[in-house]
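>>> Quick one, fold the following:
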Amino acid sequence: MGLLNHNKNRGGNTMEFDETYTDAIEKIQKIKKLKEMEDQLKEKRKNLEEQLFASLVRPNDGKPLHFEGLGKVQWSTEGKMETRDMKVIADRNPELAKRIFSVTYKPKISEISRLERTIRAGTEIPGWLQDFDEVLTKITYCETPKIVFEKVETEEEEKV
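Okay, here's the model as predicted:
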């Protein structure tokens, strides 16, 4: 049965809605209401997370903060750099860019740290590291906290 029944006896210009169409409208209305509720809940969650993160201080050891039986808050450090600056460096020094930028031109923090340690160690510096100081001046770092909830196991899962 289709959503619309065309009534050709009335000149083909009018349509009678069948039960399937009415049922579909009701489901769409319910889905729309659920979507609106999801959006409201996401906004509330975002506000609560902002309040929580503003009240917490990252431990000096860099380890996550654990909350008994609930989960943990962990921080990650991300490097950012203007895309145009990354492209200039990639054009001028592709070997360096290949090592310190991901395919999407996102700085690889671990590789940058490794290269910084290499330079501080005083070992012989390869030629492709010539633009590295410029990269360091253009990168900004930001710490992003996130909540990781503990999985609650049911009795059935524990038996497996």
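>>> What residues are bridge-paired with residue 80?
Judged by DSSP bridges, the bridge partners of residue 80 are residue 140.
>>> Please work out how many residues are found near it.
13 (other Cβ atoms under 10 Å). In short, each C-beta sits where N, CA and C put it, glycine included.
>>> now do the one 10 residues further on
By the other Cβ under 10 Å criterion, the neighbourhood of residue 90 contains 16 residues.
>>> Skip ahead from the helix or strand where it lies and say which helix or strand is next.
Assessed by DSSP states H and E, residue 90 sits inside helix 83-92. On the C-terminal side of helix 83-92, the nearest following helix or strand under DSSP H and E is helix 94-100.
>>> Quick check: buried residues in stretch 133-141?
By 16 or more other Cβ atoms under 10 Å, the buried positions in stretch 133-141 come out as 135, 139.
>>> likewise stretch 143-154?
In terms of neighbour count (16+ other Cβ under 10 Å), stretch 143-154 has its buried residues at 145, 147.
>>> any idea how far it is from the chain center?
How far stretch 143-154 lies from its chain's middle: 15 Å, per Cα atoms, centre = their mean, to the nearest Å.
>>> Please name every helix or strand in contact with the helix holding residue 90.
Where contact means 3 or more Cβ pairs under 8 Å, 6 or more residues apart in numbering; DSSP states H and E, helix 83-92 is packed against helix 94-100, helix 132-138.
>>> Now it: average pLDDT?
In this model, helix 83-92 has an average pLDDT of 90.
>>> quick one on the thing from earlier: looking at the helices and strands packed on helix 83-92, which is closest to residue 148?
Proximity to residue 148 (Cβ to Cβ) singles out helix 94-100 among the helices and strands packed on helix 83-92, at 28.1 Å.
>>> packing partners for the closest one?
helix 83-92, helix 109-120, helix 132-138.
>>> Appreciated, that's everything.
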